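sequence unknown, structure follows:
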């Protein structure tokens, strides 16, 4: 199945910085506990450490928002975001349970088959997603379908879409900051058929 995860660009940079800061923090703690006073860092370094963590969280959220916004704008320019289904017309073609966790999605179809990185649909299908979280508040966003939902642990949230008519891969992502691995919390909506860039009608709704 298609792999939505990977390290590239600012994501790899942020992960490297996290490990560097973590190593620095462990070294400082070791020095404070076991080394003579002259080797200990001044207390002002604690404020610098906390400030650096705040900047990292802000930057990660900012870059994630910029990527989502650029992707959404491109879809709107191409006329992808269109209304295309009335839930009163009939049953859904697929019902998919989605378990969100730090930091990924697990998709369970009606045959109880589990996919870690992708959910597979047919062009134009109506799909109901039953969303669950098992740790913290997560977001569920499919820009190509114009759908964004927030859900918290212990609460089921149902949303639906009409799959794009154009075969291809469409981004699924979490939009609620949920920890250091938030930027990697992505998957694919795979519309089966020849590879394409994605096109045409879909919509969201509460079930």
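Cool, the structure landed. Everything numeric in this text was worked out from a predicted model, so none of it was measured. Numbering: from 1, shown residues only.

so how many other residues sit close to residue 159?
As a burial measure, residue 159 scores 21 neighbours (other Cβ atoms under 10 Å). To be clear about C-beta, it is placed using only N, CA and C from the backbone, and glycine gets the same treatment.

you'd agree it is up against residue 129?
Yes - using Cβ atoms under 8 Å, residue 159 is in contact with residue 129, at 5.3 Å.

gap between the nearest residue to residue 125 once chain neighbours are set aside and residue 110?
Nearest residue to residue 125, sequence neighbours excluded (Cβ to Cβ, 6 or more residues apart in numbering): residue 93, at 4.0 Å. Separation of residue 93 from residue 110 (Cβ to Cβ, to the nearest Å): 10 Å.

what does residue 54 give?
Noted for residue 54: a distance of 44 Å to residue 110, by Cβ to Cβ.

what's the answer for residue 21, then?
44 Å.

of these two, who's got more company?
Ranked by neighbour count (other Cβ under 10 Å), residue 21 and residue 110 place residue 21 first, with 14 against 9.

Run through the neighbouring helices and strands of the helix or strand containing the more buried one.
Using DSSP states H and E, residue 21 sits within helix 10-34. Counting contacts by 3 or more Cβ pairs under 8 Å, 6 or more residues apart in numbering; DSSP states H and E, helix 10-34 packs against helix 44-77.

what does the average pLDDT come to for the helix it packs on?
Helix 44-77 carries an average pLDDT of 70.

so how far is the very next helix or strand once past it off the chain centroid?
Next in sequence after helix 44-77, counting helices and strands by DSSP H and E, comes strand 94-101. Relative to its chain's centre, strand 94-101 lies at 13 Å (Cα atoms, centre = their mean, to the nearest Å).

ok, residues contacting strand 94-101?
Residues outside strand 94-101 that contact it (Cβ atoms under 8 Å, 6 or more residues apart in numbering): 105-110, 119, 121, 125-135, 138, 140, 151, 174, 185.
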